[in-house]
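S.K.: Predicted structure and sequence below. I'll ask about it afterward.
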Amino acid sequence: MSYLEHNAKVVPTGLRKLLFLNWPLVLLLSAAASVGFLMLYSVAGGSFFPWVEPQVKRFALGIGVMLVVALIPIWFWRNISVLAYLAAFALLIAVELFGTVGMGAQRWIDVGFMQLQPSELMKITLVMVLAAYYDALPKKRTSRPLFVLIPVLIIILPTLLVLRQPDLGTSILLMAAGGIVMFLAGVHWGYFAFVIASGVALVTAVFESRGTSWQLIKDYQFRRIDTFLDPSQDPLGAGYHITQSKIALGSGGWSGRGFMQGTQSRLNFLPEKHTDFIFTTLAEEFGFIGGFTLLALYMLIIVFCIATAIAAKDRFSALVTLGIAVNFFLFFSVNMSMVMGLAPVVGVPLPLVSYGGSAMLVLLAAFGIVQSANIHRPR
């Protein structure tokens, strides 16, 4: 009998579990989602359609899913981690075979009432299976080559499928989240130093190869890099998104232009204003204060996750909670960096704020696992 199952009798049961729910975390998630509702209302020109009403319904459904997941013992989620990972992997293969194409990418499966994006499921199930793997693995074997190779394959295989969709942003997040979970599990730092050094060497070789007979990437790919480094080279083409985003961010100042007064979004200069670039709308209308407030909400959510991980009595609960916190951090940090021109535009939504169904439902289900770890830890 596992540690979690052995101690199941000392955790709350039935409706008493609701007393141990981390209600401040629920309030923080609701506050962040409310910022999204407000911004979607603004970019729709003061209307609940076509984005606010579906988003509110999805959030309500997501909160319900989170509560159901939270009330189920954490050892159950550990035991089904491999099955959940395999199911998400099978869905990625299904996307490859008969997925729905949108904006030049094949990332979704039409399930009738919504477009399911399996890569969102993989972000969480990957963390779950890695946490379960290291929970079962004796600590003395954590850094042995064979036992490092297994999680590397667990990370690499779905990453390659996501990269084929193509979805560079999500593939980067999968690699980063998986690597950080391995680091938190105690894998020796030397492996990560080797990977980082190899990455630096590869990037250097790519730039050095430009214009030579052994050029490693295509000319158009070099042009994309040039546009990222200097969007003004192609302000009406590849650099349009980030140029308009910077204009919106800069025009907001400290306190913003005011609610529904943002010119970039209201006059449709800002592309993807309800999804990937919604943070720029917030910054334009509410300025630095509005952007910082949302960032503070995000950081408080991470603090509560870290506190839950510290209080956990088993390795799985600690790792899965920290892994979900890492995923959440990567979500908003990559999105904010992207819209500020600090990272390439890779199509990563702003968690709980950007319009979308799969990302919100999966994220809230993940926080349900965090709540389950909090509720079912022995007291």
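M.R.: Nice, thanks for sending it over. What you see is a predicted model, and the numbers here were worked out from it, not measured in a lab. Numbering: from 1, shown residues only.
S.K.: Would you enumerate the residues in contact with the nearest residue to V348 once chain neighbours are set aside?
M.R.: The shortest distance from V348 to any residue that is not its chain neighbour, by C-beta to C-beta, 6 or more residues apart in numbering, is 4.3 Å, and that residue is G169. In this view, the C-beta of every residue, glycine as well, is placed from N, C-alpha and C. Taking C-beta atoms under 8 Å, 6 or more residues apart in numbering as the contact definition, G169 lies against V334, V346, G347, V348.
S.K.: give me that answer again for 10 Å
M.R.: For G169, the contact set (C-beta atoms under 10 Å, 6 or more residues apart in numbering) comprises 119, 162, 276, 330-331, 334-335, 338, 343-349.
S.K.: Which helix runs longest in this structure?
M.R.: Ranked by number of residues, the top helix in the chain under DSSP state H is helix 278-311.
S.K.: Would you mark the buried spots in it?
M.R.: With burial defined by 16 or more other C-beta atoms under 10 Å, the residues of helix 278-311 counted as buried are 278-287, 290-291, 294, 297-298, 300-302, 304-305, 308-309.
S.K.: Stretch 263-282 too?
M.R.: Judged by neighbour count using 16+ other C-beta under 10 Å, the buried positions of stretch 263-282 are 264-266, 269-270, 272-282.
S.K.: Farthest pair within those residues?
M.R.: R266 and D276 (18.1 Å; C-beta to C-beta).
S.K.: quick revisit: element containing the residue nearest to V348, please.
M.R.: helix 168-185 (DSSP states H and E).
S.K.: Nearest residue to the residue most central in space within the chain in space, ignoring adjacent ones along the chain?
M.R.: Here the mean C-alpha position of the chain is nearest to the C-alpha of F331 (C-alpha atoms, centre = their mean), at a distance of 3.7 Å. Sequence neighbours aside, P351 is the residue nearest to F331 in space, at 4.4 Å (criterion: C-beta to C-beta, 6+ apart).
S.K.: The one you found against F332, yeah?
M.R.: Yes. Assessed by C-beta atoms under 10 Å, P351 is found in contact with F332 at 5.6 Å.
S.K.: and S354, that's in a helix?
M.R.: No. If the criterion is DSSP: H, G, I helix; E, B strand; the rest coil, then S354 is coil and not within a helix.
S.K.: so how far is L28 from it?
M.R.: Distance from S354 to L28, counting by C-beta to C-beta, to the nearest Å: 17 Å.
S.K.: Identify each buried residue in the helix holding G169, please.
M.R.: With burial defined by 16+ other C-beta under 10 Å, the residues of helix 168-185 counted as buried are 168-182, 184-185.
S.K.: if I read this right, F48 contacts F37, doesn't it?
M.R.: Yes. Counting by C-beta under 10 Å, F37 is a contact partner of F48 at 9.0 Å.
S.K.: shared neighbours of these two, anything?
M.R.: The overlap between the contact sets of F48 and F37 (C-beta under 10 Å, 6+ apart) consists of Q55, V56.
S.K.: So if I had to pick from these two, which one is more boxed in?
M.R.: The neighbour comparison of F48 against F37 (other C-beta atoms under 10 Å) goes to F37, with 18 against 14.
S.K.: And the residue nearest to F331, how close does it get to G64?
M.R.: From P351 over to G64 (counting by C-beta to C-beta), the distance is 18 Å.
S.K.: Between the two, point out the one with more neighbours.
M.R.: Counted by other C-beta under 10 Å, P351 and G64 do not tie: P351 has more neighbours, with 24 against 12.
S.K.: Let me see the contact set for that one.
M.R.: By C-beta under 10 Å, 6+ apart, the contact set of P351 is 29, 32-33, 36, 298, 301, 327-332, 335, 359-360, 363-364.
S.K.: Mind pulling the model confidence for it?
M.R.: At P351 the predicted local confidence, pLDDT, stands at 94.
S.K.: Then it would be within a strand, right?
M.R.: No. P351: not assigned to a strand; according to three-state DSSP it is coil.
S.K.: ok, now how distant is R78 from D314?
M.R.: Using C-beta to C-beta, one gets 9 Å for the distance from R78 to D314.
S.K.: Which one of these two is surrounded by more residues?
M.R.: Residue environment comparison for R78 versus D314 gives the larger neighbour count to R78, 25 against 21, counting by other C-beta under 10 Å.
S.K.: Quickly find the element holding that one.
M.R.: Here R78 is assigned to helix 74-79, by DSSP H and E.
S.K.: what number of residues lie near V65?
M.R.: Neighbouring residues of V65 were enumerated by other C-beta under 10 Å; the total is 16.
S.K.: Please name the nearest non-neighbouring residue to it.
M.R.: Closest residue to V65 apart from its sequence neighbours, by C-beta to C-beta, 6+ apart: A365 at 5.1 Å.
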